[in-house]
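Engineer: next input, structure requested:
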Amino acid sequence: MIGTAAAVGAGGWLAGSGTAWAAPQASGGAAALPERMARAAAPRWRRLPGDWKDGPFLANGLLGAVVYQGATPNSVKVMLSHSQVQDQRPQWRAPYGYSRLPIGHFDLTLAGEVTGVDWTLDLWDAELRGTVTTTRGSVRFTMLVHNARTALLISTRPSAGEESAAWSFTWMPAVSPRTKDKPADYTGNPDPRTGSAGDTHYVEQPLIAGGGWTTAWRERRVGTGRLLAAHIVYRHPGDLSRTTELAVAEVARTLAEDPDDLVRSHRAWWHRYYQRSLLSVPDKRLQHFYWIQLYKAACATRADGPSMSEWGPWYPETGGSWTAVWWNLNVQIATWLIQGSNHLELDSVTSTFRDFEKNLPLSVPPEYQDGDTYALAHPSDWLLRPGAKTVGIPGTSTKTDNNGNLIWAMHNIWLSYRHTMDIRIVRDVLYPILAKAVNFYDHFLYEGGDGKLHLPLTRSPEWADAEDCTYDLSLLRWGCATLLDCLRILRTDHPRARRWREILDRLVAYPRDATGIMIGAGKPLTESHRHFSHMLWLYPLHELDWDRPADRDIMRTTFDHWVKDRSLWAGYSYAVASSMASRMERPEEALDHLTFLIGGNKVNNAWITPNTMYVEGGNLATESPLTAAQSVLEMAVQSHNGVVRVFPSVSRRWPDLSVQSLRTQGAFLVDADRSAGSTRWVRVHSEAGAPLVLHHGIPGPIDVRDHRGRPLHYRTTGPGRIEIPLARDETALITPRGHRPDPAPRDVPAVGDAKPWGLPD
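Structural biologist: Numbers count the residues shown, from 1 in each chain. The predicted structure follows:
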């Protein structure tokens, strides 16, 4: 663990030179606890990391940096990337035509060979601090990617013997790193032009398609102190010389500001971010993992920014096959945690579809582009353009596993609506797009001899072709039901509403056999299946519900059959299995799946890396660890099918648990505390005045009071479950009868050791 005092000591030498910024100061009041917990979760490095998989990472949703060993024994590398930097050639599929492109890296060349490092990634301040020790001396540094300025700032101070330590920049060829299915006529972009404008250096990278980007940087020196500032400006289309002018001007603007002022605003954003919610569990390595995922999510994406690609804003030198935005699972599961953790400021999924809906017809096969049909091929770029790829036509040789991508993405947007009750999300984004996404499937529905509506041959993602594919049926069924909900929410009607009701009434049931719900008609699950695509009805769509006894048998049978063979699972399979187990009130199994994933175990060809990134075969990604953070939330608070559940799936190995401001459907904020295996109190604040059914789990008689201690009316609807008519902005505190605990969050006692993440040994 790293405490505030240690962090202050590590940074204190920097203040006051004009090439550095002041050391962090301990927070007081409400910020004190989240600060202690965020700092305690800080990854640490006592060995020089080797590459993307184990290095510290920084970002602000656009500009990213990963730090690790250089190409020589006397160098350290800072790999740069930017979420918007991509190619612009739609004649090829997105992995090539709209490929994310490499930029380059800064290298700190030292006088001596590196013999040791002592680094800490301070999550609370979103800064990397530490020392590089060499055979000739040492260099102390602090580094950040500024939250608002999108600037890389690195403050360094060399010791005697390392005065010659110097930064240089190495550009990388603007060529897609993907090799799979490479078009025969693919060519890379031309080499860049290097130059300088006064003391500012730049690399100007043109694109064949026009436009491009410029990387500009300058180092200020005062005495032995040094401050490097770098910016990347990307424009397409646009005059590249003008892009260079903008990049050079941004560097000058950044260096013209007082470093303390810059860093103060940077830290303030991150401090507010961490105060939006809190979760503490006894397994401190898992708790630290969860806090690192909150940090990673805010690094990787922001509302109104690019949607989250497989790498986030961190370009990998190797393992870079996933060069675009994958919509057949990856974006959806990577962004689940933003709602429950109360971080809707990261909701780039909703803003992406709001801003780039116009590009959805590009994914529809030409013969179905009728103005009323949408689809979404994967991968796309962050503007939802697939390049030379459509979703394919069910029942033909062009069929793909892309048919459900768009409706699944709409489910994420539905979750954002339900967690905020912001009707604008439904009116402006969800409803108009979902109506046209359902229309795609409706082109292919046909009436069978049984009088039911059926789907022709499609593909269940990553497993098999099947008619009446469960994956597609479940998304279509959810889509029609949700469209009818939208009509009620918006108090309107639609010419196709009758058809949506007919589809719900007549759509064929999911194929079943002794193993549960199958992949599709005549297609049982006969071997390991990592994608869980045939189980979306269980999670996350919640079409069937463990609260309904009639649903339990098929849920249990299908789940148990799926988890029986894990030989071909991926990392996210374990995370989703944990969440499913939590939904079925199997807390020990839920925790086992989760701790296996993050415990350093290799899952088939995949594993969680020392810096909490993810490796799968020869590819690198971010989504599985982020999904695992959602699995932790599922243990603490759930809200589906109209019920808010507090501590619904807590292992007996976790006697204590504390949460604050976890957000639920209905726009409720939940605080709660569990001690010695029992719930001590629950507090719920209503932002929207939606109906509240609360499963509080407190045995025996209870008191329900408002924020002033006055009794509130409630109705008991089952063991540990009540209805409370909370109005907008009202709060209810639920406690055992006669108890008046202090309803404050806490960092609960640890169970077991908590080795820091990173390379701490």
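
Engineer: can you tell me the SS state at Trp408?
Structural biologist: The three-state label given to Trp408 by DSSP: H, G, I helix; E, B strand; the rest coil is helix.

Engineer: check the one 10 residues further on too.
Structural biologist: Arg418 carries the three-state label helix when classified by three-state DSSP.

Engineer: who touches the closest residue in space to Leu360 that isn't next to it in sequence in this structure?
Structural biologist: Leaving aside its sequence neighbours, Leu360 sits nearest to Tyr374 (Cβ to Cβ, 6 or more residues apart in numbering; 4.1 Å). Bear in mind the C-beta positions are built from the backbone N, C-alpha and C, glycine included. Contact analysis of Tyr374 by Cβ atoms under 8 Å, 6 or more residues apart in numbering lists 357, 360-361, 363-364, 406, 433, 436-437, 439-440.

Engineer: same check, this time on Trp124
Structural biologist: Per Cβ under 8 Å, 6+ apart, neighbours of Trp124: 7, 24, 34-35, 38-39, 42, 270-271, 274.

Engineer: one more pass at 10 Å, please.
Structural biologist: Contacts for Trp124 (Cβ atoms under 10 Å, 6 or more residues apart in numbering) come out as 2, 4, 7, 24, 27, 31, 34-42, 267, 270-271, 273-274, 291, 295.

Engineer: then Ala303?
Structural biologist: 61, 338, 343-352, 354, 416.

Engineer: okay, it and Thr350: tell me how far apart.
Structural biologist: Using Cβ to Cβ, to the nearest Å, Ala303 is found at 7 Å from Thr350.

Engineer: overlap in contacts, those two.
Structural biologist: 344, 416.

Engineer: from the contacts of Tyr374, which land in helices?
Structural biologist: 406, 433, 436-437, 439-440 (DSSP state H).

Engineer: which of these has the most neighbours?
Structural biologist: Per-residue neighbour counts (other Cβ atoms under 10 Å) across those peak at Leu406, which has 28 neighbours.

Engineer: so which strand or helix has the residue sitting furthest away from the middle of the chain?
Structural biologist: Computed with Cα atoms, centre = their mean, the maximum C-alpha offset from the centroid of the chain is found at Gly449, amounting to 44.5 Å. Gly449 is located outside every helix and strand, with elements delineated by DSSP states H and E.

Engineer: residues near the closest residue to Val76 other than its chain neighbours, how many?
Structural biologist: Nearest residue to Val76 in three dimensions, chain neighbours excluded: Leu108, at 4.6 Å (Cβ to Cβ, 6+ apart). By the criterion of other Cβ under 10 Å, Leu108 has 24 neighbours.

Engineer: so where do the helices sit in the stretch 501-650 of the chain?
Structural biologist: Taking DSSP state H, counting those that start in this stretch to define them, one finds helices in the stretch 501-650 of the chain at 549-564, 571-583, 587-598, 623-636.

Engineer: looking at those helices, spot the one closest to Arg149.
Structural biologist: Evaluated over these, closeness to Arg149 peaks at helix 623-636, with 25.6 Å, by Cβ to Cβ.

Engineer: next, the angle from the closest one to helix 587-598.
Structural biologist: Computed by axes from the mean of the first three to the mean of the last three Cα atoms, to 10 degrees, the angle separating helix 623-636 from helix 587-598 equals 160 degrees.

Engineer: average pLDDT for helix 623-636?
Structural biologist: The average pLDDT for helix 623-636 rounds to 98.

Engineer: chain center to that helix: distance?
Structural biologist: Distance, stretch centre to chain centre, for helix 623-636: 10 Å (Cα atoms, centre = their mean, to the nearest Å).

Engineer: what angle sits between it and helix 571-583?
Structural biologist: 10 degrees.

Engineer: for the residue nearest to Val76, give its distance to Asp54.
Structural biologist: Using Cβ to Cβ, we find Leu108 at a distance of 18 Å from Asp54.

Engineer: most widely separated two among the contacts of Ala303?
Structural biologist: Of all pairs drawn from the contacts of Ala303, the widest gap by Cβ to Cβ lies between His343 and Arg354 and measures 18.1 Å.

Engineer: mind checking which of those two has more residues around it?
Structural biologist: The neighbour count for His343 versus Arg354, taken as other Cβ under 10 Å, is higher for His343 (21 against 17).

Engineer: so what pLDDT did the closest residue in space to Glu616 that isn't next to it in sequence get?
Structural biologist: Spatial nearest neighbour of Glu616, excluding adjacent residues (Cβ to Cβ, 6+ apart): Ala606 at 4.2 Å. We have a pLDDT of 95 for Ala606.

Engineer: Ala606 is in contact with Trp569, isn't it?
Structural biologist: Yes - the pair formed by Ala606 and Trp569 meets the contact definition of Cβ atoms under 10 Å, at 8.1 Å.

Engineer: where do the contact lists of those two overlap?
Structural biologist: Taking Cβ under 10 Å, 6+ apart as the contact criterion, the common neighbours of Ala606 and Trp569 are 530, 597.

Engineer: just say helix, strand or coil for Pro95.
Structural biologist: helix.

Engineer: need the pLDDT of it.
Structural biologist: 96.

Engineer: again, but for Pro183
Structural biologist: Confidence at Pro183, expressed as pLDDT, is 97.

Engineer: so how far is Ala249 from it?
Structural biologist: From Pro183 over to Ala249 the distance is 37 Å, taken as Cβ to Cβ.

Engineer: do the same with Ser17
Structural biologist: Distance, Ser17 to Ala249, by Cβ to Cβ: 24 Å.

Engineer: who has more neighbours, these two?
Structural biologist: Comparing Ser17 with Ala249 by other Cβ under 10 Å, the one with more neighbours is Ser17, at 19 against 15.

Engineer: just the endpoints, please. Distance across stretch 694-709?
Structural biologist: Distance across stretch 694-709, first residue to last, is 19 Å (Cα to Cα, to the nearest Å).
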